[in-house]
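Novice: Have a look; sequence and predicted model below, questions after that.
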Amino acid sequence: MHQILETIPDAIVVVDQRGVIVHVNTMAANLFGYSHEELLGQTVEVLIPPGLRDQHIQDREAYSVEPVVRPMGTDLDLQARRKDGSEFPVEINLSPMDTEAGPLVISTIRDITKRNQKLEDLGLSEERFRVVSESMTDVIWEADIPANQVSWFGDIDGLLGYGPGEFPRTMDGWWDIIHTGDLEGVNAAVDRLLVGGADYLEEYRVVNKDGETRHWQDRGKVIRWEDGVGVEAVGSITDITEQKQAQQELTGALQTISKLRTQLEMENAYLREEIESAFGWDEIVGDSSALAGTLAKVAQVAPTTATVLIQGETGTGKELIARAIHTRSERKSHPLIRVDCASLPASLIESELFGHTKGAFTGALRERTGRFKVADGGTIFLDEIGELPIELQPKLLRVLESGEFEKLGSSKTIKTDVRVIAATNHDLGQSIVKGSFRRDLFHRLHVFPIHVPPLRERPDDIPLLAKYFLTMATTSLGKSVEAITPETMERLVAYAWPGNVRELKHIIERAVIISQGPNLELAESLGMATVMGSETTASKRLDDIERAHILDVLEECDWAIKGKDHAADRLGLHPSTLRHRLKKLGIQRPVVH
C-alpha cells in the first residue's frame, strides 16, 4: 500500500473506522509538517483545528457505518492544522475501501489556499466554483493485472453515467468502454507499460452508459510484486472532454481564419494588380447631358443583380462605370474583381477565370483559385469580353445561367454567387456574324446595356476634365502649373480625342512636364492632331488612330514599355496589355543598324 500511495501526486491519509491514521504518503507528511512516524497511530483529529474536532468526530462516526450505505467519493472543504499550529483550507475526497483488516477510508487532501484566493480575487461564488470543478473530474485507479481487478477511487460510476457500484471493477469492464477507434493505440501503450515499465500517458475516447463519447487523459505507473510474478499498475484519469471540444472549436476557428486570410490575400493580390493598371483617377468628372444619361442608367441598374454590358470606345472610362455600379450595389462590401480578357493568352484565360488543380497542365505546380471563386458574393468585371476565346464562351454562359463551373483538371462542380459586368469596345453584332462570339452569350450579357459616350460627344466636359487632371499631375509630379489659358483650352476642346479620356489625362501630364511657367504649355502635336469634324480623321479607322498614338508615345519613351512614366504608364495600360496591343496592331520596334 505504501508503495502505491507514493506514486500518487496528492496528499493521501488512510484511516481506519476508529479514525486512526494507518497509512500516509510523503506528500501528506510534508503538507502537515510531520514525519511519517509522528502521524502513524494518531487519530486524524490531530490534523484538525481544536475548535472543529468535535464536529469532525461526529461526521466521521456517521461516515464509518456499513459499506452498503457509505457515500462514494464524498468531497469536503475543511480547515486543516499543521504541526506548527497554522491553519489552512483543504479539499478532501473520501473514498471507502474494504480490506481483510476492516474498512478503511482513503482521504485525498489538497491545499486550496491559492484556489480560494483566486476565487476571492475573481469574485466567484462557491456555487460557480462547484460547477467548474465538477466538469474536471479526477479518478484514481489501481489495477491488479493477474486478478483482472480494478479499484477506483473517485466517482467512476457517475463519470460514466452508471448508478453507485454499477460499473464493473474489472480490467475487462475498462476495455469494454474504450472507443473501438482507440483500442489499438491504448493496447500498445499498455504493452509498453507492462513489458518495458515505461510510464503510461494516453488520451483516448470512452463510451458511457448512454452512448455518449467522452475524452479521457489517463496516466499511470507499473508496480511489480517482489515475487516477480504479480504486477499492479496505478494511475489517475482526467475527463478532458470540455478541453477537447474547446480545442476542436479553436481548430475550426483557426481554419476559418486561415481560409479568410487566404481569400483576403487573393483579393489583395488582385487589388494590387488593379492598382497597377488603374487609369489613375477615382471619380467620374463631367456634367454634360451625354454623361448624365449614362449615369442615370448606372443609378437604375446598380441596386439590382442584373448583368450589365458596358459598351464604348477605348479610354472612355468603362471600368469607372463598372466600379460605380458595384459601389452602389448591395455587394459593395465584397470584392470587385477585374479580368482583362484581351491581355491574357488564350491558353491561360480559362485557368485565370475558373482556376486549376495541381498538375492540370504543364507548369501547374500548385492549385489555383480562379477569379470567379475569389469574387464570390461580389462582382466580376470582364473587360474586353469580345476577346474571350469562342471555346470558353459556353463555360461563361453556364456560370451566368446556373452559377456553376469546374476548375481546369477537375470534375467537381463549384458554386459561386457573382454579379457579372462585361465591357467591350467591339461591335459584338459583327462578331456574331463572323462566328467569333456566341449569340446566346450576347443575349445573356445584354440584359442591361450601357453606352459610354466618347469624349468628342461630350466637349462640355473637356474643361472640367482638363482642370481635374492638371491638379492631379501637378501634385504627383511636384510642379507648379496653375492655369490653362483660354487659347490652350480652345485647342483641347477642338481636338478629336481618339484615345478619349485616357488620352486627355496623359496629354495633360505631358504638358505639365514640359511647362516652364505657371501656365500649361501643350506639345506641338496632340497625337494625330485634328479638329472635330475633319474629313481626314473621320475617314480613318480607329485602329489606325490608336496605332499612330501608341507609336508616338513609344518613340517619346525610347520604346521603354514598363516602368514609371514609360509607355504603358503614360497610356494607362498594364504592360502585358500594351504588349498584346502591339502584337494585335502589328507594331514592332524598328531595327537599328
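Specialist: Thanks, I have it. Residues are numbered from 1 along each chain as shown.

Novice: Please enumerate residues in contact with the strand or helix carrying Leu396?
Specialist: Here Leu396 is covered by helix 393-402, with elements defined by DSSP states H and E. Helix 393-402 is contacted from outside by 307, 350, 353-354, 372, 382, 388, 404-405, 416, 418, 420, 437-438, 440-441, 444-445, using CB atoms under 8 Å, 6 or more residues apart in numbering. The C-beta positions use only the backbone N, C-alpha and C, and glycine is treated the same way.

Novice: so which helix or strand takes in Ala568?
Specialist: helix 567-571.

Novice: Quick one: distance of that helix to the chain centre.
Specialist: Centroid separation for helix 567-571 versus its chain: 38 Å, with CA atoms, centre = their mean, to the nearest Å.

Novice: Then stretch 143-152?
Specialist: Using CA atoms, centre = their mean, the offset of stretch 143-152 from its chain centre is 49 Å.

Novice: Can you spell out which helices and strands pack onto the helix or strand hosting Ala189?
Specialist: Here Ala189, judged by DSSP H and E, is contained in helix 183-191. Packing contacts for helix 183-191, counted by 3 or more CB pairs under 8 Å, 6 or more residues apart in numbering; DSSP states H and E, involve strand 200-207.

Novice: The very next helix or strand once past the strand it packs on: which residues count as buried?
Specialist: On the C-terminal side of strand 200-207, the nearest following helix or strand under DSSP H and E is strand 213-224. By neighbour count, with 16 or more other CB atoms under 10 Å as the criterion, the buried positions of strand 213-224 are Arg214, His215, Trp216, Gln217, Asp218, Gly220, Lys221, Val222, Ile223.

Novice: Residue ranges of each domain in this protein, please.
Specialist: For the chain, automatic domain parsing gives the domain ranges 1-134, 136-239, 278-451, 455-585.

Novice: Dump those domains to JSON lines, plus distance to Gln245 and mean pLDDT.
Specialist: Shown next, in JSON lines, are these (distance: least, CB to CB, whole Å; pLDDT from 0 to 100):
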{"stretch": "domain 1-134", "distance to Gln245": "15", "mean pLDDT": "74"}
{"stretch": "domain 136-239", "distance to Gln245": "8", "mean pLDDT": "83"}
{"stretch": "domain 278-451", "distance to Gln245": "30", "mean pLDDT": "89"}
{"stretch": "domain 455-585", "distance to Gln245": "50", "mean pLDDT": "81"}
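
Novice: Of those, give the one that comes closest to Thr256.
Specialist: Among the domains of the chain, the nearest to Thr256 by CB to CB is domain 278-451 (15.2 Å).

Novice: what separates that closest one from the chain centre, distance-wise?
Specialist: On CA atoms, centre = their mean, the centre of domain 278-451 falls 27 Å from that of its chain.

Novice: can you check stretch 91-98 too?
Specialist: The chain centroid and the centroid of stretch 91-98 are separated by 49 Å under CA atoms, centre = their mean.

Novice: Would you mind extracting the C-alpha trace of it into PDB?
Specialist: Provided in PDB are the C-alpha atoms of stretch 91-98 (Å, rounded to 0.1, in the frame of the first residue of the first chain):
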ATOM      1  CA  GLU A  91     -10.400  20.000  -0.100                       C
ATOM      2  CA  ILE A  92     -10.800  16.300   1.000                       C
ATOM      3  CA  ASN A  93     -12.100  13.500  -1.100                       C
ATOM      4  CA  LEU A  94     -13.200  10.500   1.000                       C
ATOM      5  CA  SER A  95     -13.300   7.100  -0.700                       C
ATOM      6  CA  PRO A  96     -14.100   3.900   1.300                       C
ATOM      7  CA  MET A  97     -12.200   0.600   0.800                       C
ATOM      8  CA  ASP A  98     -12.800  -2.800   2.300                       C
END
